[in-house]
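# Sequence and predicted structure are below.
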Amino acid sequence: MVYTKKHPALLIMGVVFAALGGLTSSGALSGLYDYLGNAKMTGEIVMLSYTFGVIGILVGLWHMWGTHREGNLDYYLSSVAGGIFILLIAMGVRWFADPL
């Protein structure tokens, strides 16, 4: 059984993470981080955003345009979208909702 579905959700979440990392590293969100009081966490935000953004983009591209065959690779890579979604929610709460 092939578990992977061709759906752009993981690719979109990867782009969101990469955009957050890019905006944070460029300083575009420094006013927001100063207001929230988590300006000292920008290194963590950049590193984690870029890491999971690249993972999300690469696996998302494979989900959309790769060839899917039954096997362990398909089984495990089909669960990456759920993990990235949980990380997106958890990091959003930690970095933006919790400081409020």
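The structure has been received and is ready for your questions.
# how about residue 25, what does it touch?
Residues in contact with residue 25, defined by Cβ atoms under 8 Å, 6 or more residues apart in numbering, are 42, 46. Where C-beta positions appear, they are placed from N, C-alpha and C, glycine not excepted.
# Now it: which helix or strand?
The secondary structure element spanning residue 25 is helix 9-26 (assigned by DSSP states H and E).
# which stretches of this structure form strands?
Secondary structure of the chain (DSSP state E): no strands located.
# hang on, the earlier thing: in the helix holding residue 25, what counts as buried?
When burial is assessed from 16 or more other Cβ atoms under 10 Å, helix 9-26 yields the following buried residues: 10-11, 13-14, 16-18, 20-21, 23-25.
# Please save the CA atoms from that helix in CSV.
Coordinates of the C-alpha atoms in helix 9-26 are reproduced here as CSV (Å, rounded to 0.1, in the frame of the first residue of the first chain):
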residue,chain,number,x,y,z
ALA,A,9,0.5,21.0,2.6
LEU,A,10,4.0,19.9,3.6
LEU,A,11,5.6,22.1,0.9
ILE,A,12,3.6,25.1,2.1
MET,A,13,4.6,24.5,5.8
GLY,A,14,8.2,24.2,4.7
VAL,A,15,8.0,27.6,2.9
VAL,A,16,6.4,29.2,5.9
PHE,A,17,9.2,28.0,8.1
ALA,A,18,11.9,29.2,5.6
ALA,A,19,10.2,32.5,5.3
LEU,A,20,10.0,32.9,9.1
GLY,A,21,13.8,32.1,9.3
GLY,A,22,14.5,34.6,6.5
LEU,A,23,12.5,37.4,8.0
THR,A,24,14.0,36.8,11.4
SER,A,25,17.6,36.7,10.2
SER,A,26,17.1,39.8,8.1
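# In the chain, where's the longest helix?
Residue-count comparison of every helix in the chain, with assignments taken from DSSP state H, identifies helix 42-65 as the longest.
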